[in-house]
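Engineer: turn this into a model:
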Amino acid sequence: MQIKKRVTLLILSLFLGFSAQVMAQGINFDTKSTWQQLLETAKNNNKLIFLDCYTDWCGPCKGMADRVFTNPEVGKYMNSHFICTKRDMEKGEGIELSKTYKKYIPGFPTYLLINYKGEVVHQAAGYMEAEKFINSMKEGMENKTWIAYKERYEKGERDWDFLSEYFILLEDAVQQESIKEAKVYALENLTIEALKESGSAYRIFKQYWTDVTSPLFKEFMGNGAIYRKYGEREREIGDWAGRLYDRKIREIESQFTDEKSTLSSLRDSQLPSDIEDLKQELIKGFTYGREEKIARLLLFNSLLDKDFDRYVALVENGTEFGMFRYYKDNISTFCRLFFNDVKGKKDIAKCLELTEVDPDGKMISPRQIRNWAYFLDLSGEKKRAADLVEKAAVLEAEIKKNFEKFFK
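Structural biologist: Take a look at the predicted model:
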């Protein structure tokens with residue numbers, strides 16, 4: 001009797017262990033059936049096909065396979081609702097599927113829900129945690145997908161609540177072209193009244209607005225009642241606005257650091273007016289890092305005025321107060337800009353001081369080394385300058401090689 005009891009317990013434990021293993025297996029992918037066979041199975045079982053589109057070099061794909069698709073809750077939901085399969089989009093049948101569903105695959109991983117007719121009814125992309133992944137598949141089952149919303153958008157639906165939901169679905173699906181199209185409409189039609197009345201319009205504004213020179217942005221920044229209505233504080237808005245101002249200032253910087261630019265051409269452009277406008281707005285406002293942003297704009301003014309003495313004073317004072325800690329590359333390039341455009345300048349020694357770098361130091365760019373070499377050459381140290389130019393070329397090649405390796 002004791003032996004029989006032990007055998008029964010052993011069988012029961014094996015059964016429970018097997019059951020637990022089955023329940024914990026995650027998604028059960030059918031990779032043996034052909035695509036046509038899967039479509040037939042979908043039709044006969046009145047289910048959608050879940051297709052995981054991946055490649056063997058894709059890191060996020062491996063993360064999904066290892067951590068999400070093996071999740072018991074994910075497996076329970078997916079196995080009960082869909083016919084699940086996966087294909088390497090660069091091998092075998094995946095190559096043709098990649099061509100068939102090209103417009104739905106912005107990158108990898110991509111997840112498609114497809115009906116028995118082969119029509120995509122839902123698409124999502126990118127790495128997702130288990131809960132978000134399941135919610136995305138539920139949205140597909142409920143037809144709350146960017147594909148359905150796009151049809152509604154194209155039929156003319158445009159209220160702010162709809163647009164806000166549409167953007168969320170498009171972002172999850174990484175549908176950049178549709179996002180761009182909807183952004184153009186939304187940003188052109190935003191008004192201060194819409195921001196006051198609609199939380200959805202406010203969310204779209206906060207997520208996508210970038211133009212700090214626009215009348216709408218300026219009016220918003222002067223109307224604290226709007227953001228306070230949505231539970232945001234002045235500090236939070238200051239941080240957000242600070243990032244937008246940074247973006248605009250970097251756009252301006254890119255024109256000063258462009259090798260094709262000259263001070264004369266920049267003076268004749270819209271830049272002087274834009275810089276002055278930005279400076280006045282920052283002086284009046286409460287944006288994060290305001291003092292450093294104003295200092296950078298004052299540097300631009302000194303360049304446009306061809307006032308090298310003022311430029312040097314600004315650099316030295318800004319450096320003393322820690323404002324230009326991560327700005328040495330641009331300061332070096334601005335010195336070059338003076339001497340490319342202004343003839344007869346006498347302050348080569350000061351430029352040598354401002355552009356000098358440790359060519360073997362960390363985080364030194366090839367451009368900084370070349371800028372210093374330029375002034376060494378002007379000062380007569382031609383051999384040393386030539387050696388530095390060669391070193392800059394080697395460093396540039398090394399950076400390019402490592403950069404390419406990083407993305408393999």
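
Engineer: could you chop this structure up by domain?
Structural biologist: 35-141, 145-209, 212-341, 356-408 (automatic domain parsing).

Engineer: so which of those gets nearest Asp347?
Structural biologist: domain 212-341 (5.8 Å; Cβ to Cβ). In this view, the C-beta of every residue, glycine as well, is placed from N, C-alpha and C.

Engineer: all the strands of the stretch 51-200 of the chain, residue numbers only.
Structural biologist: 82-88, 110-114, 120-125 (DSSP state E, counting those that start in this stretch).

Engineer: okay if I get those as a markdown table plus distance to Gly94, mean pLDDT and mean neighbour count?
Structural biologist: Shown next, in a markdown table, are these (distance: least, Cβ to Cβ, whole Å; pLDDT from 0 to 100; neighbours: other Cβ atoms under 10 Å):
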| stretch | distance to Gly94 | mean pLDDT | mean neighbour count |
| --- | --- | --- | --- |
| strand 82-88 | 4 | 97 | 22 |
| strand 110-114 | 12 | 97 | 23 |
| strand 120-125 | 16 | 94 | 23 |
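
Engineer: got CSV for those strands, with distance to Ile364 too?
Structural biologist: CSV is the format used below for the strands of the stretch 51-200 of the chain (distance: least, Cβ to Cβ, whole Å):
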stretch, distance to Ile364
strand 82-88, 42
strand 110-114, 40
strand 120-125, 38
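
Engineer: one step back: which one of the domains of the chain has the poorest average confidence?
Structural biologist: When the domains of the chain are compared by mean pLDDT, domain 356-408 comes last with a mean of 86.

Engineer: who are the contact partners of Leu190?
Structural biologist: Applying Cβ atoms under 8 Å, 6 or more residues apart in numbering to Leu190 gives the contacts 201, 204-205, 209, 216.

Engineer: for Tyr116, see how far away the nearest residue to Trp35 once chain neighbours are set aside is.
Structural biologist: Excluding its sequence neighbours, the residue lying closest to Trp35 (Cβ to Cβ, 6 or more residues apart in numbering) is Glu93, at 5.8 Å. Look at Glu93 and Tyr116: by Cβ to Cβ, to the nearest Å, they are 17 Å apart.

Engineer: more crowded one of these two?
Structural biologist: Just comparing Glu93 and Tyr116: by other Cβ atoms under 10 Å the higher neighbour count belongs to Tyr116, 18 against 15.

Engineer: quick check on that one: phi, psi?
Structural biologist: Note on Tyr116: backbone dihedrals following degrees, to the nearest 10 are phi -70, psi -20.
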